[in-house]
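Chemist: sequence? don't have it. structure:
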């Protein structure tokens, strides 16, 4: 992984201040101090909960862009103070490359990234979370309260590279399994429909009608079960994986 050429402000933590019953936003400033064109894109571990504008682009030499990160309304959960993360991924734009093809044409070893934690402050006037974060940057003191100690541990926690790649791999695997289940469901539905027609042809009209209704109910229940199972897999996967921000 190459050294990040862009200057990212803030460089470590994106802070959102409550109340969180409406959309709240924070800005990222990206500056290109180099003499090269640099492409960038923004990724997050929670793509359904944030909107990012712009979420990708190209910075010319000496150019600066402000990226707006908007958090959708939600019920504040202290456990989410620093759980979400963002990554600013960049790469030098070589001659013949465009924003559309640079990520497939460029050598992955030349990719650069900056990772940022998300921090929520539900009590802006007290600045308690900010004070706790500053306290963590120095050292723990025996006199610190239990609350400050817990916040420090949260601020210092981060996803390792190994875990990051494991989540991506698991996400791709589960997505393929869901597609396979949906395909199997379609095939089974077609087989059941053919079996129903074959049975109806061999039975008296009144009996065939009763069998047709019962088989239809079985098909509906089966498809509902399949859809419910696939929905659970997708929901769990999306909340844990790192994907490009909207």
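Modeler: Nice, I can see it. Treat the numbers as computed from the prediction; the structure is a model and nothing was measured. Numbering: from 1, shown residues only.
Chemist: C-alpha only now, for contacts and for neighbours.
Modeler: Noted.
Chemist: Beyond the worst-scoring helix or strand of the chain on mean pLDDT, next helix or strand please.
Modeler: Across the helices and strands of the chain, mean pLDDT, DSSP states H and E gives its lowest value to helix 146-156, namely a mean of 42. Downstream of helix 146-156, the first helix or strand assigned by DSSP states H and E is helix 161-202.
Chemist: what packs against that next one?
Modeler: Contacts defined by 3 or more C-alpha pairs under 8 Å, 6 or more residues apart in numbering; DSSP states H and E place helix 161-202 against helix 205-240.
Chemist: Would you tell me which strand is longest in this structure?
Modeler: Counting residues, the longest strand found in the chain (DSSP state E) is strand 112-121.
Chemist: Can you give the domain ranges for this protein?
Modeler: 7-124, 126-158, 163-244 (automatic domain parsing).
Chemist: low-scoring pLDDT stretches of the protein, where are they?
Modeler: 76-82, 122-168, 171, 175, 203, 205-246 (pLDDT under 70).
Chemist: give me that answer again for 90
Modeler: For the chain, applying pLDDT under 90 flags the ranges 1-3, 16-22, 24, 46-49, 71-84, 95-96, 118-246.
Chemist: returning to what we had before: what pairs with the longest strand of the chain, parallel or antiparallel?
Modeler: Paired neighbours of strand 112-121 in the sheet (DSSP bridges): strand 13-17 (parallel), strand 85-92 (antiparallel).
Chemist: So which of the ones you listed is the most surrounded?
Modeler: Here the criterion is mean neighbour count by mean count of other C-alpha atoms under 10 Å, and of the strands paired with strand 112-121 the winner is strand 85-92, at a mean of 22.
Chemist: Next secondary structure element downstream of that strand?
Modeler: helix 102-105.
Chemist: mind listing what's buried in that next one?
Modeler: 102, 103 (16 or more other C-alpha atoms under 10 Å).
Chemist: Next: stretch 21-34.
Modeler: Of all the residues in stretch 21-34, those buried under the rule 16+ other C-alpha under 10 Å are 24, 25, 27, 28, 30, 31, 32, 34.
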